[in-house]
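[1] need a structure here:
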Amino acid sequence: MTPTDAAEPLEFTCPRCAQPATARFWGPCDTCRASLRENLGGDARDVAVAAYEPKANVTPNQVATKD
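    The predicted structure is shown next:
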């Protein structure tokens, strides 16, 4: 496969609605993609992640505690 082959549109059946589709990559057709974005898409948001705290039963080895 040459790089120019990847730019040519593929003809396939949409895996979601089973209608014929033409696109650069295999996947849902444009109509299904728009429907998915409308129904499932959301705004990006920040997710709070708790700070890492080591387990209480973890103790340093002898080399780490050597003075």
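[2] center of this protein - which residue?
    With distances taken as Cα atoms, centre = their mean, residue 41 lies nearest the centre of the chain, 13.1 Å away.
[3] Can you show me the helices along this structure?
    For the chain, applying DSSP state H gives helices covering 3-7, 30-40, 62-65.
[4] just checking, which of those comes out with the lowest mean pLDDT?
    Within the helices of the chain, the stretch with the lowest mean pLDDT is helix 3-7, showing a mean of 61.
[5] what about residue 36, neighbour count?
    Number of residues near residue 36 (other Cβ atoms under 10 Å) recorded here: 12. Where C-beta positions appear, they are placed from N, C-alpha and C, glycine not excepted.
[6] That one: what's it in contact with?
    Contact analysis of residue 36 by Cβ atoms under 8 Å, 6 or more residues apart in numbering lists residue 28.
[7] Apply 6 Å and report the result again.
    Going by Cβ atoms under 6 Å, 6 or more residues apart in numbering, residue 36 touches no other residue.
[8] if I look at it, how far off is residue 14?
    Distance, residue 36 to residue 14, by Cβ to Cβ, to the nearest Å: 12 Å.
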